[in-house]
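Undergrad: A structural model of the following input is requested.
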Amino acid sequence: VLAARCVAESGGAKPAAGTSEKLQQRLIAFATSITEPVKKRNTAGNALNHVGDSRLGVGLRADGLPDIVWRDVPAGEFLMGSTKEADNLAQDREMPQHRIALPGFCIAKYPITNAQYQAFIDDGGCTEKWRRCWTEAGWKWRVDTNISGPRYAGGDFDLPNHPVTGVSWYEAVAFCNWLTERSGRTVRLPTEAEWEKAARGTDGRRFPWGHNVTPEYANYSQTGINATSTVGVFPKGESPYGLLDASGNVWEWISSQYAKYPYRAD
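TA: This is a model prediction of the structure:
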């Protein structure tokens, strides 16, 4: 970590490219390790921002667009919702548990990072240039509130390889529409059912990884980080379809309106 800061802040001669790359790869190895403790993983993940986080799916492509790693979720049924027997914290709005059949789809491995969302802002995403990417209500809200970017929280929350926060539903939809136009691939928010299947698989498990949680699996209150964390530094928390940070770290937007269960595809 100190070496990474020296590279970024010393003002002296930069080390050879190979040396910087070795430092970068060592920090990645620490940040994504199954065996290293949470504090060390988080510190290494934050330090990556000094030398660049080269992991696929975290930053930008060569053309400046968000580099999304897509995970396939196959067609089929899954158990949606919860039961008090499986989860004593389950709320009435999560019941009854029921089966839903979905077509196949792809979903991002990581939440959208600050670096990726910033590409939208830098391309004029909150200006007239991309007004067509906003819903009518969203654009009116943007103008009325004079929003020109995320509501930054400061500190670690704003590091490039952390998930973006302070973004409304309107902004999330506009980002997806912008990425659709720029990439030529349809990108949208998942439905409630799509997100839940991608996060938990088909067997009704309580969390993406199973039924029990410790601070080794996700960034939540007992983990003690007290901020967002670098995406992907909780490898034990991987979902059955390869999603990371699906539980913990940040809340995520979906496209569905809130309604009582059972879930209706329309």
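Undergrad: The nearest residue to residue 242 once chain neighbours are set aside: how many residues sit nearby?
TA: Excluding its sequence neighbours, the residue lying closest to residue 242 (Cβ to Cβ, 6 or more residues apart in numbering) is residue 71, at 4.5 Å. In short, each C-beta sits where N, CA and C put it, glycine included. A count of neighbours around residue 71, defined by other Cβ atoms under 10 Å, yields 19.
Undergrad: show me the contacts for residue 71.
TA: Residue 71 makes contact with 106, 107, 108, 109, 198, 241, 242, 243 under the criterion Cβ atoms under 8 Å, 6 or more residues apart in numbering.
Undergrad: Repeat the analysis, applying 7 Å as the threshold.
TA: Residues in contact with residue 71 (Cβ atoms under 7 Å, 6 or more residues apart in numbering) are 106, 107, 109, 241, 242, 243.
Undergrad: which SS class is residue 45?
TA: helix (DSSP: H, G, I helix; E, B strand; the rest coil).
Undergrad: how close does it sit to residue 225?
TA: 10 Å (Cβ to Cβ, to the nearest Å).
Undergrad: what do you get for residue 40?
TA: Taking Cβ to Cβ, one finds residue 40 at 12 Å from residue 225.
Undergrad: ok, and the closest non-adjacent residue to the most centrally placed residue in the chain?
TA: The centroid of the chain falls nearest to residue 111 when counting by Cα atoms, centre = their mean (1.0 Å). Closest residue in space to residue 111, ignoring its immediate chain neighbours: residue 163 at 3.8 Å, by Cβ to Cβ, 6+ apart.
Undergrad: pretty sure that neighbour is in contact with residue 232, am I right?
TA: No. Using Cβ atoms under 7 Å, residue 163 is not in contact with residue 232; the gap is 10.3 Å.
Undergrad: which residue ranges form the helices in the chain?
TA: Per DSSP state H, the chain carries helices over the ranges 2-9, 17-31, 38-51, 114-122, 136-145, 169-183, 192-200.
Undergrad: With respect to residue 87, which of those helices lies nearest?
TA: helix 192-200 (11.1 Å; Cβ to Cβ).
Undergrad: pLDDT of the closest one, averaged?
TA: Averaged over helix 192-200, pLDDT sits at 97.
Undergrad: Ok, stretch 29-38 next?
TA: 96.
Undergrad: Can you list the buried residues in it?
TA: Buried residues in stretch 29-38, defined by neighbour count with 16 or more other Cβ atoms under 10 Å: 30, 31, 32, 36, 38.
Undergrad: Among those, pick out the one closest to residue 10, please.
TA: Looking across the buried residues of stretch 29-38 and measuring by Cβ to Cβ, the closest to residue 10 is residue 30, at 21.4 Å.
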